[in-house]
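Q: Have a look at this prediction, sequence included:
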Amino acid sequence: MSTWLEESVRCPACGLVQTARLAHGAHIARAPEIRDQIFARTFHVVTCRCAQVFVVQRPLIYTDMDRKHWIQVALPEERARWPEYETAVDGVFARAFTGAPIARELAAGMRRRLVFGLEALREKLVVWAANLDDRAIECVKLELVRREPALAHCTLIVDAVADDHAITLHVDGARTIEVAGALVEELDADRRLPARFPELFGGRYVAFDRLLGPRYRWAEPG
């Protein structure tokens, strides 16, 4: 079941400290409204007495047994530490499903991911709801970087997927890019991608920025 705690949060506008009810575990089978709130961007949203509306980021585990989704959500500011977090993901998952045989059955086939922040969590759910492979979507982002190299230093987040699989991406929250559904479907169906980008298809942190620069470069364990 979902785990909620009353926590103190500080308004970024006026500095007022107040109490908010925040989730540390979101289990969608028993609380489907959480998934709806994440899509609507109303999850963990607090309205201060000064009228400032802000999002509270907290680490949490998101599970959806019906859809076979298991996502560890870390704080956005921790993203540079993704190799450490990724190493621990499978251990956290294993502990969550240790015990009776029914637990092992539930764990079978789970799609495991590590993300940083609620927008990254929302992106995974938006992509999967459209029956697209999130790993292929990161390859779409790489194609955009190839066309516009400055994007390599930006945060690209899928905001929406149209019926024809055209996607809208936010670039650092400042502008949007529209990608034609034909390109999205071409890459989603490309079976050569796992061999070209084993970093994206072999890890739990599925994000194109793991490929960029020495800090993020992936190496084959040896």
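A: Noted; the coordinates are in hand.
Q: in this structure, which spans are strands?
A: Taking DSSP state E as the criterion, the chain contains strands spanning 3-10, 17-27, 45-47, 53-55, 60-64, 69-74, 111-116, 156-161, 167-171, 175-179.
Q: Could you list every helix and strand that the fourth one packs against?
A: Applying 3 or more C-beta pairs under 8 Å, 6 or more residues apart in numbering; DSSP states H and E, one finds that strand 53-55 makes contact with strand 45-47. (C-beta placed from N, C-alpha, C; glycine too.)
Q: same thing with the fifth one?
A: When contacts are defined as 3+ C-beta pairs under 8 Å, 6+ apart, strand 60-64 packs onto strand 17-27, strand 69-74, helix 82-96.
Q: Likewise for the third one?
A: Under the contact criterion of 3+ C-beta pairs under 8 Å, 6+ apart, strand 45-47 touches strand 53-55.
Q: List the contacts of the strand it packs on.
A: The set of residues that contact strand 53-55 without belonging to it, under C-beta atoms under 8 Å, 6 or more residues apart in numbering, is 11-13, 41, 44-48, 118.
Q: Would you indicate which residues of it are buried?
A: Neighbour-count burial for strand 53-55, with 16 or more other C-beta atoms under 10 Å as criterion, is recorded at no position.
Q: Relative to the whole chain's centre, how far out is that strand?
A: Using C-alpha atoms, centre = their mean, to the nearest Å, the distance from the centre of strand 53-55 to the centre of the chain it belongs to is 19 Å.
Q: mean confidence score for that strand?
A: Along strand 53-55, the predicted confidence averages to a pLDDT of 97.
Q: same thing with stretch 160-180?
A: Averaging pLDDT along stretch 160-180 gives 96.
Q: re the thing from before, separate out the buried members of the contacts of strand 53-55.
A: Burial by neighbour count, judged by 16+ other C-beta under 10 Å, picks out 11, 44, 46, 48, 118 from the contacts of strand 53-55.
Q: Can I get those in JSON lines including distance to residue 72 and pLDDT?
A: Converted to JSON lines, the buried ones among the contacts of strand 53-55 look like this (distance: C-beta to C-beta, whole Å; pLDDT from 0 to 100):
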{"residue": "11", "distance to residue 72": "28", "pLDDT": "96"}
{"residue": "44", "distance to residue 72": "16", "pLDDT": "97"}
{"residue": "46", "distance to residue 72": "23", "pLDDT": "96"}
{"residue": "48", "distance to residue 72": "29", "pLDDT": "95"}
{"residue": "118", "distance to residue 72": "13", "pLDDT": "98"}
